[in-house]
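**Student:** kindly generate the corresponding structure for this input.
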Amino acid sequence: MRLLTHNMLSSNIKGVSNGFPLRIEAEKVLQKQVDFNSDFLRNMFPKIEWKALVDAAAALGYAELPEAAAAAAAMLDSEEFLRRFHHALLELHLEEGALVCPETGRRFPVNKGIPNMLLHEDEV
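**Tutor:** Alright, predicted model coming up:
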(Lines give C-alpha, C1' and ligand atoms only; values in the text may rest on other atoms or scores of the structure.)
Protein backbone atom coordinates (compact mmCIF):
# COMPACT_ATOMS: atom_id res chain seq x y z
CA MET A 1 0.00 0.00 0.00
CA ARG A 2 1.41 3.35 -1.01
CA LEU A 3 1.31 6.31 1.33
CA LEU A 4 -0.85 8.07 -1.27
CA THR A 5 -3.51 5.47 -0.50
CA HIS A 6 -2.92 5.71 3.24
CA ASN A 7 -3.50 9.47 3.05
CA MET A 8 -7.04 8.84 1.80
CA LEU A 9 -8.11 6.08 4.19
CA SER A 10 -9.98 6.53 7.45
CA SER A 11 -11.78 4.37 9.98
CA ASN A 12 -15.53 4.23 9.33
CA ILE A 13 -16.49 2.36 12.49
CA LYS A 14 -19.92 3.37 13.80
CA GLY A 15 -19.59 6.16 16.36
CA VAL A 16 -16.03 7.13 15.40
CA SER A 17 -15.73 10.87 14.88
CA ASN A 18 -11.96 11.01 14.39
CA GLY A 19 -10.88 8.07 12.21
CA PHE A 20 -8.03 9.86 10.40
CA PRO A 21 -5.13 9.44 10.08
CA LEU A 22 -4.72 5.74 10.66
CA ARG A 23 -1.53 4.92 12.55
CA ILE A 24 0.81 2.53 10.74
CA GLU A 25 2.31 -0.53 12.38
CA ALA A 26 4.84 -1.72 9.80
CA GLU A 27 6.17 -5.26 9.72
CA LYS A 28 7.48 -5.25 6.14
CA VAL A 29 8.18 -2.23 3.95
CA LEU A 30 9.16 -2.38 0.29
CA GLN A 31 10.52 0.26 -2.04
CA LYS A 32 9.20 0.05 -5.60
CA GLN A 33 10.53 2.37 -8.26
CA VAL A 34 7.92 4.58 -9.95
CA ASP A 35 8.46 7.03 -12.82
CA PHE A 36 8.98 10.58 -11.57
CA ASN A 37 6.38 13.14 -12.66
CA SER A 38 6.82 16.61 -11.16
CA ASP A 39 3.52 17.93 -12.55
CA PHE A 40 1.60 15.11 -10.87
CA LEU A 41 3.32 15.86 -7.56
CA ARG A 42 2.60 19.60 -7.74
CA ASN A 43 -1.06 18.88 -8.52
CA MET A 44 -1.37 16.31 -5.72
CA PHE A 45 0.31 18.44 -3.06
CA PRO A 46 -2.81 20.52 -2.13
CA LYS A 47 -4.86 17.31 -1.79
CA ILE A 48 -2.45 15.66 0.65
CA GLU A 49 -2.87 15.92 4.41
CA TRP A 50 0.78 16.82 5.00
CA LYS A 51 1.16 15.91 8.70
CA ALA A 52 -0.41 12.50 8.07
CA LEU A 53 2.06 11.90 5.22
CA VAL A 54 5.07 12.95 7.30
CA ASP A 55 3.99 10.73 10.22
CA ALA A 56 3.26 7.77 7.92
CA ALA A 57 6.62 8.12 6.16
CA ALA A 58 8.36 8.21 9.55
CA ALA A 59 6.51 5.04 10.57
CA LEU A 60 8.02 3.39 7.50
CA GLY A 61 11.49 4.65 8.40
CA TYR A 62 11.66 7.65 6.06
CA ALA A 63 12.32 11.03 7.70
CA GLU A 64 13.34 13.18 4.73
CA LEU A 65 10.24 15.40 4.54
CA PRO A 66 9.83 18.82 6.19
CA GLU A 67 7.48 18.79 9.18
CA ALA A 68 5.49 21.87 8.16
CA ALA A 69 3.23 21.95 5.12
CA ALA A 70 4.07 25.63 4.55
CA ALA A 71 7.77 24.80 4.33
CA ALA A 72 6.99 22.00 1.88
CA ALA A 73 4.77 24.25 -0.24
CA ALA A 74 7.60 26.75 -0.51
CA MET A 75 9.81 24.01 -2.00
CA LEU A 76 7.50 22.86 -4.82
CA ASP A 77 9.94 24.32 -7.37
CA SER A 78 12.85 22.30 -5.97
CA GLU A 79 13.48 19.03 -7.81
CA GLU A 80 15.32 17.66 -4.77
CA PHE A 81 12.22 18.22 -2.59
CA LEU A 82 9.89 16.81 -5.26
CA ARG A 83 12.00 13.66 -5.48
CA ARG A 84 11.79 13.17 -1.69
CA PHE A 85 8.02 13.82 -1.82
CA HIS A 86 7.73 11.37 -4.75
CA HIS A 87 9.65 8.70 -2.86
CA ALA A 88 7.48 9.01 0.25
CA LEU A 89 4.17 9.25 -1.57
CA LEU A 90 4.63 6.68 -4.33
CA GLU A 91 7.67 4.45 -3.81
CA LEU A 92 7.36 3.40 -0.16
CA HIS A 93 4.97 0.47 0.21
CA LEU A 94 3.55 -1.00 3.40
CA GLU A 95 3.63 -4.67 2.43
CA GLU A 96 2.75 -6.26 5.79
CA GLY A 97 1.48 -4.72 9.00
CA ALA A 98 -1.61 -2.95 10.23
CA LEU A 99 -3.47 0.35 10.16
CA VAL A 100 -4.80 1.40 13.56
CA CYS A 101 -7.85 3.59 14.19
CA PRO A 102 -6.73 6.62 16.24
CA GLU A 103 -9.95 6.65 18.26
CA THR A 104 -10.78 3.01 18.94
CA GLY A 105 -7.43 1.28 18.48
CA ARG A 106 -9.04 -1.18 16.05
CA ARG A 107 -6.36 -2.80 13.88
CA PHE A 108 -6.97 -3.25 10.15
CA PRO A 109 -4.47 -5.78 8.76
CA VAL A 110 -2.37 -5.12 5.66
CA ASN A 111 -1.34 -8.27 3.80
CA LYS A 112 0.59 -8.32 0.53
CA GLY A 113 0.15 -4.55 0.35
CA ILE A 114 -3.65 -4.68 0.57
CA PRO A 115 -5.40 -3.11 3.57
CA ASN A 116 -8.46 -5.01 4.83
CA MET A 117 -10.83 -2.26 5.94
CA LEU A 118 -13.89 -4.51 6.26
CA LEU A 119 -15.89 -3.83 9.41
CA HIS A 120 -17.30 -6.42 11.80
CA GLU A 121 -21.08 -6.63 12.02
CA ASP A 122 -21.19 -4.70 15.32
CA GLU A 123 -19.06 -1.88 13.83
CA VAL A 124 -21.43 -0.99 11.00
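**Student:** part of a helix, is D39?
**Tutor:** Yes: secondary structure of D39 (DSSP: H, G, I helix; E, B strand; the rest coil): part of a helix.
**Student:** that one and N116, how far apart?
**Tutor:** From D39 over to N116 the distance is 33 Å, taken as Cβ to Cβ, to the nearest Å. Every residue, glycine included, has its C-beta placed from N, CA and C.
**Student:** more crowded one of the two?
**Tutor:** Between D39 and N116, counted using other Cβ atoms under 10 Å, the more crowded position is N116 (11 against 8).
**Student:** dump the residue contacts of the more buried one.
**Tutor:** Going by Cβ atoms under 8 Å, 6 or more residues apart in numbering, N116 touches 108-110.
**Student:** what is the nearest of those residues to R83?
**Tutor:** Among the contacts of N116, V110 lies closest to R83 (Cβ to Cβ), at 25.6 Å.
**Student:** what is the burial count for that closest one?
**Tutor:** Using other Cβ under 10 Å, the number of residues around V110 comes to 24.
**Student:** in which helix or strand would I find it?
**Tutor:** strand 107-111 (DSSP states H and E).
**Student:** beyond that strand, next helix or strand please.
**Tutor:** Next in line after strand 107-111, if elements are assigned by DSSP H and E, sits strand 114-115.
**Student:** where do the helices of the chain begin and end?
**Tutor:** Here the chain has its helices, by DSSP state H, at 3-6, 38-44, 50-59, 69-73, 79-86.
**Student:** mean pLDDT and distance to L94 for these - can I get that in CSV?
**Tutor:** Formatted as CSV, those follow (pLDDT from 0 to 100; distance: least, Cβ to Cβ, whole Å):
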stretch, mean pLDDT, distance to L94
helix 3-6, 98, 7
helix 38-44, 98, 19
helix 50-59, 98, 8
helix 69-73, 96, 22
helix 79-86, 98, 17
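**Student:** which single one of the contacts of N116 is nearest to E91?
**Tutor:** V110 (16.8 Å).
**Student:** for the closest one, give its distance to E79.
**Tutor:** Counting by Cβ to Cβ, the gap from V110 to E79 is 31 Å.
**Student:** also I24?
**Tutor:** 28 Å.
**Student:** of these two, who's got more company?
**Tutor:** I24 (21 against 11).
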